[in-house]
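Engineer: quick one: sequence plus predicted model below, questions after.
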Amino acid sequence: MTRHSPTMIRAAVAAALLLATSAQAAVIGQMTPAPPLTRERLADIPAGERAAWSSYLDRSEAARRLNAAETTNGPPPTSGDAAASMPLSKPARWYATPEARHIADVIVSFQSPAGGWGKNAPRTAVRQPGQPFSAEKDYVGTLDNDATVTELRFLARVITAGGEAPYRDSFVRGVRWLLAAQYPNGGWPQVWPLVGGYHDAVTFNDDAMVAALSLLGDIAKGQGDYAFAAPALRADAEAAWRRGLAALLKSQVVRDGRPTGWPQQADAVTLAPVGARNFEPAALASAESAGILAYLITAFPTPPPEVAHAIGGGVTWLRGAAIADKAWRAPAPGEARRLVDQPGAAPLWARYYDLATGRPIFGDRDRTIHDDVHDLSAERRNGYAWFTTAPAKVLKAYGR
């Protein structure tokens, strides 16, 4: 019979306790980063489609060189709420005022050589020579955080109010940037020119793709603020809108033969769900799905069959994913949030739902995926919106 020393016994007990704790924590997976779009990936694309993707990468590299040609070694612009500095709900006459023209001048000054805009920089002070075009160096041309689309919508209002040629030229360059950034399959990356990582994924997060589609749809109609758009630009916008809509419908996740929701981001080539940051796994995303459904409902008062099918499936999924009689809050100031019982509370939705089981899932900074939000580190529990009420609004609109 083999004898074990007390030290060995204590080590064995500690190991057993560690395994028990790990099992109780229920780590159900590991987040896999989204693959970037590279030339190596072209080999996986059907031969008949490779030329379009190769041309796209050529276009991205040319835009990168264009951005890099201008020296930007000065201090970056002040970071802050960019969208709030470009109000879109003022009376039409306000967009002819000196205040609105000043904001438009700032917008024009910060347009990158490739045509897009960065994010998180209030449009309050005109760009100085040598100043970076974005407050964040990896976002020189992005749809993230309402960037680029907000600038274009503001310029359109100023142009409609009698704005001069520089605003029109900037608007057209910005729309051309949006058209150039669209993937051959109809989706849009978060950042363009491409920068790699999850930024290359087709991005539904924070309504990025919905914002692009909505703007292009408005330009294509050529009404209201966009009546000034030239016929050629309107035609190109409509073609891009149609490709984008097709990609949006193709990205909807089908489970057991039924359409459900959408992911937060999709693979640049295949449109399959992919992860983003370490704590953002490939999953069904409730808030993004709600935003997409809201757009489809308003864009199609009488939807065609394929859109009606997508809307019906998405609404059914959201209804089934609702969490009743719960509240997401901190028990006391300074403590980590918890999901607690609260009879009669408004319905909640988890941020993410597992693609296979449909159950809520949660990610931590170490890329672990959990089935219980309380297993996350306190920093991630408090530092991310793991639950939302956003779908309630779209379900109400659908009911109407």
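Structural biologist: All right, it came through fine. Numbering: from 1, shown residues only.

Engineer: avg pLDDT for the lengthiest helix in the chain?
Structural biologist: Of all the segments of type helix in the chain, defined by DSSP state H, the longest one is helix 47-68. On average, the pLDDT along helix 47-68 is 97.

Engineer: which residues in the stretch 301-400 of the chain form helices?
Structural biologist: Listed in chain order, the helices of the stretch 301-400 of the chain (DSSP state H, counting those that start in this stretch) span 305-321, 378-382, 391-399.

Engineer: now the last one: buried residues?
Structural biologist: Looking back up the chat, that one is helix 391-399. For helix 391-399, a neighbour-count test (16 or more other CB atoms under 10 Å) marks 391, 392, 394, 398 as buried. (C-beta placed from N, C-alpha, C; glycine too.)

Engineer: okay, angle between it and helix 305-321 too, please.
Structural biologist: Comparing the axes of helix 391-399 and helix 305-321 via axes from the mean of the first three to the mean of the last three CA atoms, to 10 degrees yields an angle of 130 degrees.

Engineer: hang on, residue 390 packs against residue 349?
Structural biologist: Yes: at 7.4 Å, residue 390 counts as touching residue 349 under the criterion of CB atoms under 8 Å.

Engineer: residue 183 and residue 250: what is the separation?
Structural biologist: The span separating residue 183 from residue 250 equals 12 Å under the rule CB to CB, to the nearest Å.

Engineer: so between these two, which is more surrounded?
Structural biologist: Neighbours were counted for residue 183 and for residue 250 using other CB atoms under 10 Å; residue 183 has more, 21 against 14.

Engineer: per-domain residue ranges of this protein.
Structural biologist: The chain breaks down into these domains under automatic domain parsing: 1-30+256-400, 34-250.

Engineer: out of these, which one sits most buried?
Structural biologist: domain 34-250 (a mean of 19; mean count of other CB atoms under 10 Å).

Engineer: specify the beta-bridge partners of the nearest residue to residue 313 once chain neighbours are set aside.
Structural biologist: With sequence-adjacent residues excluded and distances taken as CB to CB, 6 or more residues apart in numbering, residue 313 is closest to residue 259, at 3.0 Å. In this structure, residue 259 has beta-bridge partners residue 254, where bridges are defined by DSSP bridges.

Engineer: quick one, strands of this structure?
Structural biologist: In the chain, strands defined by DSSP state E lie at 27-30, 202-203, 254-255, 258-259, 265-266, 284-285, 326-329, 338-341, 349-350, 352-353, 360-363, 368-370, 387-388, listed in chain order.

Engineer: please report how far the residue most central in space within the chain lies from residue 199.
Structural biologist: When the chain is reduced to its mean C-alpha position, the nearest residue by CA atoms, centre = their mean turns out to be residue 205, at 2.3 Å. According to CB to CB, residue 205 and residue 199 sit 11 Å apart.
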